[in-house]
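Peer 1: Can you look at this prediction? I've put the sequence above it.
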Number of protein chains: 2
Amino acid sequence: MKEWFDNYDARDWQTTTEGTVRFALLGLGWWTIDVALPAIANSELAEVTTLVSSSVEKAQRLAADNGVEHGISYDGFHDGEAADAYDAVYVGTPNAYHLEYVETAADLGKAVLCEKPMESTVERAERLVETCEQAGVDLMIAYRMHTDPAVRQARALIEDGFIGEPVSVYGNNSQPLLEMIPDHDQWRVDPELSGYGTSVMDLGIYSLNTARFLLGRDPVTVQARMSSHHEAFSAVPDERSGALLTLEDGVTMVTTSSQRAQEDTQLKITGTAGQIDMHPAFHGECRLHLSRGEVSGTVEQTAFDSQREMREEFDYFADRVLTGGEIVADGRHGLEDMRIIRAIHEAADTGEIVTLD
Amino acid sequence: MKEWFDNYDARDWQTTTEGTVRFALLGLGWWTIDVALPAIANSELAEVTTLVSSSVEKAQRLAADNGVEHGISYDGFHDGEAADAYDAVYVGTPNAYHLEYVETAADLGKAVLCEKPMESTVERAERLVETCEQAGVDLMIAYRMHTDPAVRQARALIEDGFIGEPVSVYGNNSQPLLEMIPDHDQWRVDPELSGYGTSVMDLGIYSLNTARFLLGRDPVTVQARMSSHHEAFSAVPDERSGALLTLEDGVTMVTTSSQRAQEDTQLKITGTAGQIDMHPAFHGECRLHLSRGEVSGTVEQTAFDSQREMREEFDYFADRVLTGGEIVADGRHGLEDMRIIRAIHEAADTGEIVTLD
C-alpha cells in the first residue's frame, strides 16, 4: 500500500512563503479565542491585529490578554475603526450575522474568510457572494477540511484511482451539544440566528462538503427526514436528521447528524476497488483507514488537532490573498452547500425527492 | 467500561445440552458445503445425515466425501426418500426455491431452518409461513447474527442502557460479487430466482435485520434509491442501493449495500449517551467498538468466523426443536424483513415515502 503515498505533499497548495496578511477576527466565542487565535499565532503568513466583539470592553480585554493591538466593537467595525490595521476579516459570528459584517468588510476593501455555513438562508448567502464579487474582494468559506493533510491525501488517493469508481458515501457528525454548551438559549438552536436548523447546518455540512471536495461530485437529488425530541430543540426541526442523496455519476450518499448524541465523526467512501474510511473525520484528528482488495491499513495523523487544522486554513487563505491565486472554497462553492441544506430541509418537509439544478 | 460486561453469557439462549437433531441439507453450494457442513460437524446438538441436490450423483459424491449417510435428489426429497433419517431440513437454495422445499418438509413433518431472505416475494414468503403454521412444524429463518456472541453482547448492552436512547443507525454491506463468483448468470442477479433484486435482498437484509434485532424496533417509513451500472446487473434494479428509514420511536436509519464494491460490513448504533460500532459486522468476524462519553474501547472477538457463527445458529435451532422453546427469528419475524425489502424497492420505484403497517 506504500506506493500510493509516494510523493505526497501535505501543502501541495502552497505558492508563497513571503508576506503577511493581517486579520481582524469577528465573533469572539470559544472557537475564535481558543482555536483560531492560537492557530494564527503559529501561522507563517497570518497575524491578528484586531479583535471585534459586541462590547468594546470585552474586545479590549481579550486583545490585551492575547497581545493583540486593537479591540473594537461591531459599531466601531462598521465605522471603519482600525481599518488600516488589517487586510482581511475572519467572520466567526452566528450564521445570520455574517452578511452585515461581510458587507462592511467589502466596503472597506478587505478580504473575507467567512465561517460555514456562510449565512442563515440561500438568499442571504447569495447577497453575501454578490457583495464580495461586486466589491472585488477575495471571499473564502472556512471549510478547514479542505486543507487538512489527511483529507487532501484522501483526495489525492481517490484522484489516483485507489478506490476505483466511487459507489457510496456515508457521513456522520454527532455531538452532545447541550453537554458542550449547556445554555438552552444558544444561537445554534435559534432559527433566527442559525437559519434552516441546527444539525444539518452545523454538523451535516461537514459530511456534505467534504464528500463534494473529495469526490469532485455534487448532489443531484436529496431525500431527508428530521425530528426534534428534547425541549431545547423545540424551535428547530432537526435535533437529528438523516439524508439520502444521489451525487453526480450515480454515487449513493447517506448521512446522519445529531446535536444530542454520543460524539462521533465518520466519512467513508467506498468504491469498486477500494475504500477510504475517515474515522474520526472532522474535528482536527482525522484517521484514514484504507483498504483495497485484500490489503488494508491505517494512517495515523500525528500531532494534528483543531488548532493545527485552523493554521492550515489561515495559511492557505493568506497564500491566496497574497498571490491573488484561485480560492477553491470560494463563495460560489459555499453557496452550493446552502442550496443542498435548503433542499434537505425542503425534502424533509415534503417527503419528496428534491432535485438540485 | 469493564462493568458493562459482568455476567455476560454468550449462550444465554441455551436450554438443553441433551439430544440430537438430524439434518437434511438442501442446496449444496459453497456456503452449505464449506461453511454449514463443517459447522454442524462441530455442533453439540446437530448432525447431518442427508444431502440434497439437483443431481443424485452430486449429492452422493458430496455425501461420500463428507461422511454423510444419504445423498439424494430434489425429486427424491419430494418423494420422501430417506425421510426417516432426518428430523429437520436446512434450506440453502436460491430464494425462489425455498417455498417448494418447505412445503415438502412440512408435509413430512420436518422442522425447517430456512435461509434468508426467506423467499423471493412477500406473497411466497406468506405462503411459506402459513404452510409451516398449518403443518405445525418449527420454522426458523437463518439470521445467524442473532446467535453471534458479539451481536448478543451488543444487544445486552443496549438493553442495559449503554447507549442511552437510540438516535441513529448506519449499516453497510458491500462486496465484489463478480470477483467472488465470476459467473454473470448466477442466481443472485436473476430476479426469477432472487426476487426483488440483489443488493438489498442479499446484503442489505443484514443491516436491516440486525438493527431490528439489536434495537427491538421495526422500520415505520422507508425511502430509497437504487441503480445498476455493470451489464451483469442489467436484470436487477439494485447493483447498489441506499435507504433512509425511520424506526419506531423516531430512530433514524441509513443503509447502503452494493454487490460491486470493496468488501465492507459495518453496523453502527449511536445513542444519546454512547455508541456501539460493529466494524466489521456481518461475516463471522464481528468487532465491537464501544464508546460512552469520553471512554472508548474495542472488544475483539477471538477465533470467531463464519463456521463458528453457523454452529451457534444450528445449535440454537436444535435447542429449540429439542425443547419446543420459542424461536425468536420465526417465520413472522422473517416475513417482516420481506415486507421491508419490498417497501424499499417500492420506495425506489416511486420516489415516495412508503409506510409499513
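Peer 2: Structure's in. What do you need?
Peer 1: Correct me if wrong, but A:G325 is in a strand.
Peer 2: No: secondary structure of A:G325 (DSSP: H, G, I helix; E, B strand; the rest coil): coil, not part of a strand.
Peer 1: show me what contacts the closest residue to it other than its chain neighbours?
Peer 2: Counting by Cβ to Cβ, 6 or more residues apart in numbering or on different chains, A:G325 lies nearest to A:T15, which is 5.7 Å off, once chain neighbours are set aside. In this view, the C-beta of every residue, glycine as well, is placed from N, C-alpha and C. Contacts for A:T15 (Cβ atoms under 8 Å, 6 or more residues apart in numbering or on different chains) come out as A:D319, A:T323, A:G325.
Peer 1: What helix or strand is A:V321 located in?
Peer 2: helix A:306-323 (DSSP states H and E).
Peer 1: gap between the two ends of stretch A:291-311?
Peer 2: 30 Å (Cα to Cα, to the nearest Å).
Peer 1: May I see the buried residues of it?
Peer 2: Neighbour-count burial for stretch A:291-311 flags A:S291, A:R292, A:S296, A:V299, A:Q301, A:F304, A:S306, A:Q307, A:R308, A:E309, A:M310, A:R311 (criterion: 16 or more other Cβ atoms under 10 Å in any protein chain shown).
Peer 1: just stretch A:63-80 next, same as before
Peer 2: Buried residues in stretch A:63-80 (16+ other Cβ under 10 Å): A:A63, A:V68, A:H70, A:G71, A:I72, A:S73, A:Y74, A:G76, A:F77, A:H78.
Peer 1: Restricting to C-alpha, output whichever helix or strand comes after the helix holding A:V321 in PDB.
Peer 2: Later in the chain than helix A:306-323, the nearest helix or strand by DSSP H and E is helix A:331-350. Provided in PDB are the C-alpha atoms of helix A:331-350 (Å, rounded to 0.1, in the frame of the first residue of the first chain):
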ATOM      1  CA  GLY A 331     -18.400  32.000  -2.300                       C
ATOM      2  CA  ARG A 332     -20.000  30.000  -5.200                       C
ATOM      3  CA  HIS A 333     -18.700  26.800  -3.700                       C
ATOM      4  CA  GLY A 334     -20.200  27.700  -0.300                       C
ATOM      5  CA  LEU A 335     -23.400  28.700  -1.900                       C
ATOM      6  CA  GLU A 336     -23.900  25.200  -3.300                       C
ATOM      7  CA  ASP A 337     -23.800  23.900   0.300                       C
ATOM      8  CA  MET A 338     -26.500  26.300   1.300                       C
ATOM      9  CA  ARG A 339     -28.700  25.100  -1.600                       C
ATOM     10  CA  ILE A 340     -28.100  21.500  -0.600                       C
ATOM     11  CA  ILE A 341     -29.000  22.200   3.000                       C
ATOM     12  CA  ARG A 342     -32.200  24.100   1.900                       C
ATOM     13  CA  ALA A 343     -33.000  21.100  -0.300                       C
ATOM     14  CA  ILE A 344     -32.600  18.700   2.700                       C
ATOM     15  CA  HIS A 345     -35.000  20.800   4.800                       C
ATOM     16  CA  GLU A 346     -37.400  21.000   1.900                       C
ATOM     17  CA  ALA A 347     -37.200  17.200   1.300                       C
ATOM     18  CA  ALA A 348     -37.900  16.600   5.000                       C
ATOM     19  CA  ASP A 349     -40.800  18.900   4.900                       C
ATOM     20  CA  THR A 350     -42.400  17.500   1.800                       C
END
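Peer 1: ok so, going back, chain B: which of the buried residues of stretch A:291-311 is nearest?
Peer 2: For those, the closest approach to chain B (Cβ to the nearest Cβ) belongs to A:S291, at 6.1 Å.
Peer 1: three-state assignment of that closest one?
Peer 2: Applying three-state DSSP: A:S291 is strand.
Peer 1: Any idea what it is bridged to?
Peer 2: Beta bridges link A:S291 to A:Q275, A:S296, judged by DSSP bridges.
Peer 1: For chain A, identify the residue most remote from the centre.
Peer 2: Using Cα atoms, centre = their mean, the residue of chain A lying farthest from its centre is A:E294. It sits 34.4 Å away.
Peer 1: Next one, pLDDT for that residue please.
Peer 2: The model reports A:E294 with a pLDDT of 90.
Peer 1: distance of it from A:G161?
Peer 2: Going from A:E294 to A:G161 by Cβ to Cβ, to the nearest Å gives 17 Å.
Peer 1: Next: A:C132.
Peer 2: 36 Å.
Peer 1: Looking at the two, which is more packed in?
Peer 2: Using other Cβ atoms under 10 Å in any protein chain shown, the more surrounded residue of A:C132 and A:G161 is A:C132, with 23 against 13.
Peer 1: what about the more buried one, which helix or strand?
Peer 2: Going by DSSP H and E, A:C132 is part of helix A:122-135.
Peer 1: again with A:S257
Peer 2: For A:S257, the host element (DSSP H and E) is strand A:251-258.
Peer 1: by how many degrees do that strand and helix A:331-350 diverge?
Peer 2: 80 degrees (axes from the mean of the first three to the mean of the last three Cα atoms, to 10 degrees).
Peer 1: Spit out the contact partners of A:G71.
Peer 2: Contacts of A:G71 by Cβ under 8 Å, 6+ apart are A:T50, A:L51, A:S53, A:V56, A:K58, A:A59, A:Q60, A:R61, A:L62, A:A63, A:A64.
Peer 1: please redo it, this time with the cut-off set to 7 Å
Peer 2: Contact analysis of A:G71 by Cβ atoms under 7 Å, 6 or more residues apart in numbering or on different chains lists A:L51, A:V56, A:A59, A:Q60, A:L62, A:A63.
Peer 1: most neighbours, which of those?
Peer 2: Neighbour max across the contacts of A:G71 (other Cβ under 10 Å) = A:L51, 29 neighbours.
Peer 1: what about that residue, which SS state?
Peer 2: strand.
Peer 1: what's near enough to touch it?
Peer 2: Taking Cβ under 7 Å, 6+ apart as the test, what A:L51 contacts is A:L25, A:L28, A:A59, A:L62, A:A63, A:V68, A:G71.
Peer 1: Quick one: name the residues of chain A near chain B.
Peer 2: Contacts of chain A with chain B, taken as Cβ under 7 Å from any Cβ of the partner chain, map to A:167-168, A:170, A:172, A:174, A:223, A:225, A:227, A:229, A:240, A:242-244, A:246, A:250, A:252, A:254-256, A:258, A:260-262, A:264, A:270-275, A:291, A:351, A:353.
Peer 1: Drop anything exposed from the residues you listed.
Peer 2: Counted by 16+ other Cβ under 10 Å, the residues of chain A next to chain B give A:167-168, A:170, A:172, A:174, A:223, A:225, A:227, A:229, A:240, A:242-244, A:246, A:250, A:252, A:254-256, A:258, A:260-262, A:264, A:270-275, A:291, A:353 as buried.
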